[in-house]
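K.L.:
after the sequence you'll find the predicted model.
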Amino acid sequence: MKKLLTLLITSTLLVACNNTNKKAEVKTSPAKFTLTVINNTDQDMRWEQSWAMTGSTKGVVKAGETVELSSNEVDSDHINVYPMPPKSVDQPNPGNGTFNMQYGWDGHIARVYCDNVCNKGYPTEQFNYEGTNWIYATKWLKDPSVQTNTTNTVTITTEAYTPPVVEIVK
């Protein structure tokens, strides 16, 4: 029994002493998409994405703050942000906006498949509906319609909006 106990302790010590902390290299897909969103509005905005490299796939970017959304999804990744109307607008229409980017991997390179214009994000000056009384605007670090601009920064602002008056000439 004494020999068995000695053998067991010796084996445990040998295994424990030979156990080295080797760092395992973790490989990820080469398709990396990163969108830094700067909320330059007076309201918090919800965001979500279909896949996240680290952390949550949804959250809130507070007014005046920034969030970096990053993914390595190879099929398709959507990043959605929901701008809120400025606090100065009484009875805002619509109640919130939609900003959307779609990314993907074509087997060779990461691509912007559909930017916010392609997705018809609204309410913007370009895409709005009857009764819209506020819009959001985007300012980009790089042109978002270029398919290879998969790492980018966007600043979102909001403002009250009055649609232009269209005069009918008789």
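P.N.:
Great, that's in hand. Numbering: from 1, shown residues only.
K.L.:
mind listing the strands the longest strand anywhere in the chain pairs with, and their directions?
P.N.:
Across the chain, the strand with the greatest residue count (assigned by DSSP state E) is strand 151-160. Sheet pairing here is set by DSSP bridges, and for strand 151-160 it gives strand 33-39 (parallel), strand 134-140 (antiparallel).
K.L.:
which one of those has the poorest average confidence?
P.N.:
Here the lowest mean pLDDT among the strands paired with strand 151-160 goes to strand 33-39, at a mean of 92.
K.L.:
what comes up buried for it?
P.N.:
Neighbour-count burial for strand 33-39 flags Phe33, Thr34, Leu35, Val37, Ile38, Asn39 (criterion: 16 or more other C-beta atoms under 10 Å). C-betas here are computed from N, CA, C, even on glycine.
K.L.:
go ahead and confirm the first one touches Asn149.
P.N.:
The reference is to Phe33. No - Phe33 lies out of contact with Asn149 (C-beta atoms under 8 Å); the separation is 10.1 Å.
K.L.:
returning to that earlier point: got JSON lines for the strands paired with strand 151-160, with distance to Asn80 too?
P.N.:
JSON lines is the format used below for these (distance: least, C-beta to C-beta, whole Å):
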{"stretch": "strand 33-39", "distance to Asn80": "11"}
{"stretch": "strand 134-140", "distance to Asn80": "13"}
